[in-house]
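Trainee: A predicted structure for the sequence below; I have some questions about it.
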Amino acid sequence: AALGAIVAESSAATTVKGAQAGGVEAVIAALNAHRESTVVQEQGCGALWSIAAAGENRIKVAQAGGIEAVIAALNTNHGSMGVQRQGCGALCCIALTENKGKVAEAGGIEAVIAALNAHRGSTGVQIPGCAALWNVAAESAGQLLFRTCVVAPLP
């Protein structure tokens with residue numbers, strides 16, 4: 001319920017206040033503690049997407065372990081279009097800063113490509129997924145990893 005409130009109340013002022021009040025850590029703790037719950041994973045990734053949409057929160061999300069938590073959610077919920085959409089959106093925003101290389105090194109490129117392949121007919125996954133890849137590829141380290149992943153044949 002609390003994660004849903006963060007997602008529903010996604011104005012810039014609210015997300016900045018939530019991040020300052022320990023919201024980032026609470027969301028990441030919920031993601032890590034409830035990996036088996038698709039609902040928690042979807043809402044948690046959505047909350048991090050909302051929080052990271054405010055630029056000043058992106059570094060905080062990364063420092064608190066948000067990149068790894070989102071990638072874990074993507075990797076363990078391939079069949080959930082909601083988790084894949086929210087997770088790709090979260091990585092898209094998180095990667096708008098110097099976090100690009102961190103997203104790439106943590107396996108974000110592979111996780112997003114897997115989401116894109118699993119949900120080829122879903123624009124809800126394709127749009128944030130492609131945007132996430134675009135943002136990560138703008139970093140030189142991300143470009144190298146991106147080339148390695150994309151050159152591999154698609155399943």
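Mentor: Yep, it's here.

Trainee: only C-alpha atoms from now on, for both contacts and neighbour counts.
Mentor: Will do.

Trainee: could I get the phi/psi values of Thr97?
Mentor: phi -130, psi -160 (degrees, to the nearest 10).

Trainee: ok, now which ones touch it?
Mentor: Arg58, Ile59 (CA atoms under 8 Å, 6 or more residues apart in numbering).

Trainee: would you check how far apart Glu105 and Asn99 are?
Mentor: 10 Å (CA to CA, to the nearest Å).

Trainee: more neighbours: the two, which one.
Mentor: Asn99 (22 against 14; other CA atoms under 10 Å).

Trainee: isn't that one up against Asn57?
Mentor: No. Taking contacts as CA atoms under 8 Å, Asn99 lies outside contact range of Asn57: 11.6 Å.

Trainee: so what's the residue lying closest to Trp49 once chain neighbours are set aside up against?
Mentor: The spatial neighbour of Trp49 that comes closest, neighbours along the chain excluded (CA to CA, 6 or more residues apart in numbering), is Ala90 at 3.8 Å. Listed by CA under 8 Å, 6+ apart, the contact partners of Ala90 are Cys45, Gly46, Leu48, Trp49, Ser50, Ala52, Val70.

Trainee: reformat the residues you listed as JSON lines; add distance to Asn32.
Mentor: Formatted as JSON lines, the contacts of Ala90 follow (distance: CA to CA, whole Å):
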{"residue": "Cys45", "distance to Asn32": "11"}
{"residue": "Gly46", "distance to Asn32": "15"}
{"residue": "Leu48", "distance to Asn32": "13"}
{"residue": "Trp49", "distance to Asn32": "16"}
{"residue": "Ser50", "distance to Asn32": "18"}
{"residue": "Ala52", "distance to Asn32": "18"}
{"residue": "Val70", "distance to Asn32": "9"}
